[in-house]
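> Here's my sequence, what's the structure:
(chains A and B)
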Amino acid sequence: MAADTLLKVEGVETFYGNIRALAGVDVEVKKGEIVSLIGANGAGKSTLMMTICGSPQARHGSVIFDGQDITRMPTHEIARLRIAQSPEGRRIFPRMTVYENLQMGASLDNQKFFQEDVEKMFTLFPRLKERQFQRGGTLSGGEQQMLAIARALMARPKLLMLDEPSLGLAPLVSKQIFAAIKLLNVEQGLTVFLVEQNAFAALKLSHRAYVLVNGSITMSGSGAELLANPEVRAAYLEGGAH
Amino acid sequence: MEYFIQQLINGLTLGSIYGLIAIGYTMVYGIIGMINFAHGDIFMLGGFAGLIVYLLLMTVFGGAPIAVALLCMLVVSMLVTSLWNWSIERTAYRPLRGSFRLAPLITAIGVSIALSNFIQVAQGPRNKPIPQMVNSVYTIEGISISLKQIIIVVITVALLASFWYIVEKTPLGRAQRATEQDRKMAALLGIDVDRTISITFVMGAALAAVAGTMFLMYYGVIVFTDGFVPGVKAFTAAVLGGIGSLPGAVIGGLLIGLIESLWSAYFTIAYKDVATFAILAFVLIFKPSGLLGRPEVEKV
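Predicted coordinates for the structure are as follows:
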């Protein structure tokens, strides 16, 4: 495995009961890259993200992170290797304040860098600062999305996985979030693995991308290549730029 | 009026004990959604552990100052019940996690029967008395308060305060609340969910042990069946307060204690349990989520 590979997913098959959600997926993410995964609803994008985190575990195949096989590792131990996820549905703790949700994100370091990091998050998402004493469940969808991303970043991740970061956000806010991701990637070399419905924005942002169809990768290439690909355009970019 | 205040004090004492047990029910329910019917027997076990420690102190060391004796009883019985409840969760409940909802419930009933029978065999089926440990009684304006009652209320308040602090202000408490609200997300943030659940059982058991020891001290007697009725009453308290809600458990416990002592004072003592359980029925019919409980389904 190349030294700069951070995440390598090989031949992963994931089942829900008897239903095969992933049918042998291969994905590679190198250090410092933004890689996106695009595909229709139900293609298995979120399942792949959760499989990487060991919940559910892959039935076949392997997930290698930073040279370590994490396929059979319990979820919380995977998280401790600094894979942070902003999952599908955001999963904000509804009866905790915004501040406590962020503290949960910083659990790994026992809050050692909390003050420093929380200030960064409040600069990145000023709205969270205004809402910091409000319960997570009372936030709007967009605010929850920001909180989910901020909570993931609080873990100081080596790999940041974002499941539909633009979902439910006003176009302007989603633009801000993509800009923030880009900034973190350029300035801090943060590696990002991204699932997006908004394929246009995702491809523009990403170094490389994969197309997932019915649990299998059907295409991959640089963001620009896929943007130019007529099949991708027809299937995922109908309606043009957002 | 004096009589009424006297009953309030008695009810408050009793309610403190129920409240401490109720917390164990409500915490476990909150975090894994099961009613741990063996919790009442853990309480009874705590009483027995306290009794054994007291007798050991008397026979081996020839007695000890009351404060020291009480402290030893509390600490040892907390340790013993914690170990029991930890093992029970490990061996009986954890393998059933993810199974259908009734499975752990039935198992809990089984564990409850096993525990009370174990004590019956190991300690004998008769009432086990403990000598009067503290017997000072203070009379103020015709109202008598015993030192026992003061000790019970003070210990309860101190425990509840530290317990509240742990749950609301420490990383452990935060992990517990996170696990309660979204187990999968907690794991994604690096929280060891299994360990957090174990700790929850241990904390519940420790509080029940304190309740058991104080029950023993208050009534001066304990028997292997004592897990059942106080256990079910504490469960009623948890339901009345709103199962899953910690302040609800305390308030429910106090209310049940007050209802019980006031009923005994003004109506017939023989029907005091009927009064308590009638409340359970009314709550379940008219306000199933309890006083401070959340509705069962909460979607964000």
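> what's the neighbour count on residue B:1?
As a burial measure, residue B:1 scores 8 neighbours (other Cβ atoms under 10 Å in any protein chain shown). Any C-beta I mention is one placed from the backbone N, CA and C, and that applies to glycine too.
> Now do the same for it: its pLDDT.
According to the model's per-residue confidence, residue B:1 sits at a pLDDT of 79.
> Now do the same contact list for it.
Contacts for residue B:1 were tallied using Cβ atoms under 8 Å, 6 or more residues apart in numbering or on different chains; there are none.
> The same query, at a cut-off of 10 Å, please.
In this structure, residue B:1 makes contact with B:141-143, judged by Cβ atoms under 10 Å, 6 or more residues apart in numbering or on different chains.
> what's the spacing between it and residue B:263?
Between residue B:1 and residue B:263 the distance, using Cβ to Cβ, to the nearest Å, works out to 18 Å.
> how about the strands in the stretch 1-150 of chain B?
Under the criterion DSSP state E, counting those that start in this stretch, strands of the stretch 1-150 of chain B are mapped to B:128-129, B:137-140, B:143-146.
> Turn the ones you listed into CSV, columns for distance to chain A and mean neighbour count.
Compiled in CSV, those are given as follows (distance: least, Cβ to the nearest Cβ, whole Å; neighbours: other Cβ atoms under 10 Å in any protein chain shown):
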stretch, distance to chain A, mean neighbour count
strand B:128-129, 43, 16
strand B:137-140, 42, 10
strand B:143-146, 38, 16
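> phi, psi of residue B:36?
Residue B:36 adopts backbone torsions of phi -90, psi 90, taken as degrees, to the nearest 10.
> Also residue A:15?
Backbone geometry at residue A:15, expressed as degrees, to the nearest 10, gives phi -120, psi 140.
> For it, which non-adjacent residue is closest in space?
For residue A:15, ignoring the flanking residues on the chain, the nearest one in space by Cβ to Cβ, 6 or more residues apart in numbering or on different chains is residue A:59 at 5.2 Å.
> Around chain A, pick out the residues from chain B.
Among all residues of chain B, those adjacent to chain A (criterion: Cβ under 10 Å from any Cβ of the partner chain) are B:168, B:171, B:174-175, B:177-196, B:294, B:298-300.
> Buried ones among those?
Those of those that meet the buried threshold are B:174-175, B:177-183, B:185-194, B:196, B:300, by 16 or more other Cβ atoms under 10 Å in any protein chain shown.
> you'd agree residue B:265 is up against residue B:11?
Yes. With contact defined as Cβ atoms under 10 Å, residue B:265 and residue B:11 form a contacting pair (8.8 Å).
> Who has more neighbours out of these two?
When neighbours are counted by other Cβ under 10 Å, residue B:11 comes out ahead of the other of residue B:265 and residue B:11, with 22 against 16.
> what residues are up against residue A:189?
The contact partners of residue A:189, by Cβ under 10 Å, 6+ apart, come to A:31-33, A:158.
> Out of those, which is nearest to chain B?
Set against chain B, the nearest of the contacts of residue A:189 by Cβ to the nearest Cβ is residue A:158 (13.1 Å).
> ok, now which ones touch the spatially closest residue to the closest one that is not a sequence neighbour?
For residue A:158, the nearest residue in space outside its immediate sequence neighbours is residue A:82; the separation is 4.2 Å by Cβ to Cβ, 6+ apart. Residues counted as contacts of residue A:82 (Cβ under 10 Å, 6+ apart) are A:65-66, A:108, A:155-160, B:190.
> go on, residue A:228?
Residue A:228 is in contact with A:203, A:221-222, counting by Cβ under 10 Å, 6+ apart.
> can I get the contacts of residue A:82 in TSV with secondary structure, pLDDT and distance to residue A:87?
Converted to TSV, the contacts of residue A:82 look like this (DSSP: H, G, I helix; E, B strand; the rest coil; pLDDT from 0 to 100; distance: Cβ to Cβ, whole Å):
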residue	secondary structure	pLDDT	distance to residue A:87
A:65	strand	96	17
A:66	coil	93	21
A:108	helix	91	17
A:155	coil	94	13
A:156	coil	93	18
A:157	coil	95	13
A:158	coil	95	17
A:159	strand	96	14
A:160	strand	96	12
B:190	coil	95	14
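> Filter those down to just the buried residues.
Listed as buried from these are A:65, A:108, A:155-160, B:190; burial here means 16+ other Cβ under 10 Å.
> Give me the packing partners of the lengthiest helix in chain A, helices and strands only.
Ranked by residue count, the top helix of chain A under DSSP state H comes out as helix A:171-188. Helices and strands touching helix A:171-188, by 3 or more Cβ pairs under 10 Å, 6 or more residues apart in numbering or on different chains; DSSP states H and E, are strand A:34-39, helix A:114-124, helix A:141-153, strand A:159-163, strand A:191-196, helix A:199-205.
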